[in-house]
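Student: coords please:
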Amino acid sequence: MNPVASPKAGTATPWQRRSKDELARRVAQDIHDGACVNLGIGMPTLVANHIPPGREVLLHSENGILGMGPAPAPGQEDYDLINAGKQPVSLLPGGCFFHHADSFAMMRGGHLDICVLGAFQVSATGDLANWSTGEPGAIPAVGGAMDLAIGARQTWVMMDLCTKDGQSKVVAQCTYPLTGLGCVKRIYTDLATLECTPSGLRLIDTVPGLSPQALQALIGLPLQPPA
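Tutor: Have a look, this model is predicted:
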């Protein structure tokens, strides 16, 4: 993993990190009208709360739901209606339920336009490691992540750019067990949005105040300029 020059806690920086909701809103902004999208367990589920008004997006959960809406209001939760992460969800008009096997047929059959997944590491060329750190005691359960990563037409990752130890999760080569090879197209982080290409990383945007040069120093890898 690449060590980064991450500012010490309490040190002022000319930029402000995106909050989890701001990051979810940034991801939702790029989801096209009519898309069928799987939101992975954890932070990606927040994207459901930020789909732009008037944009029709069919949200899928691997346990067999299509047509999820935003998270239910406090007190309105129905724990018979949950996503793959066991979080209560809402269902939009026309939403439906189906067998787990049918859900995986959708995932493996190329019927999802986008999946949004969390990650421990993503390589510059789009390799994904998101199911195990390989450490003793780590739970060896990839679940449906590999089916989603390879089966969706586009795989996007949503994560913090750096670990708590200040190391970049965007790396030249993954050192954790892989979920999929060359499957990630975009990386959405609290500091920047990146595109994975066969020739490396391309910058899409950064938070205000963070220059491409400073971001490149944080990641420790060369960045191609925005298209």
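
Student: hey, what's N38 bridged with?
Tutor: Using DSSP bridges, the bridge partners assigned to N38 are H60, C115.

Student: Now do the helices in this protein.
Tutor: Under the criterion DSSP state H, helices of the chain are mapped to 20-29, 100-108, 145-151, 212-219.

Student: Please list the outside residues in contact with the first one.
Tutor: Think helix 20-29. For helix 20-29, contacts defined as Cβ atoms under 8 Å, 6 or more residues apart in numbering pick out 18, 43-44, 46-47, 49-52, 116, 156, 158, 188-190, 193. C-beta here means a position set from N, CA and C on the backbone, and glycine is covered the same way.

Student: Give me the neighbour count for D127.
Tutor: For D127, the neighbour count with other Cβ atoms under 10 Å is 21.

Student: Where does pLDDT dip in this structure?
Tutor: Applying pLDDT under 70 to the chain flags the ranges 1-12, 139-140.

Student: can you tell me how far the closest residue to N49 other than its chain neighbours sits from D205?
Tutor: Among residues not flanking N49 along the chain, P70 sits closest, at 4.5 Å (Cβ to Cβ, 6 or more residues apart in numbering). Look at P70 and D205: by Cβ to Cβ, to the nearest Å, they are 25 Å apart.

Student: Next up, the contacts around the residue nearest to T189 when sequence neighbours are not counted.
Tutor: Sequence neighbours aside, L161 is the residue nearest to T189 in space, at 4.0 Å (criterion: Cβ to Cβ, 6+ apart). By Cβ under 8 Å, 6+ apart, the residues touching L161 are 168-170, 189-192, 218-219.

Student: now swap in S123 and tell me
Tutor: Applying Cβ under 8 Å, 6+ apart, the residues near S123 are 170-174, 196.

Student: ok, now S90?
Tutor: 68-72, 76, 81.
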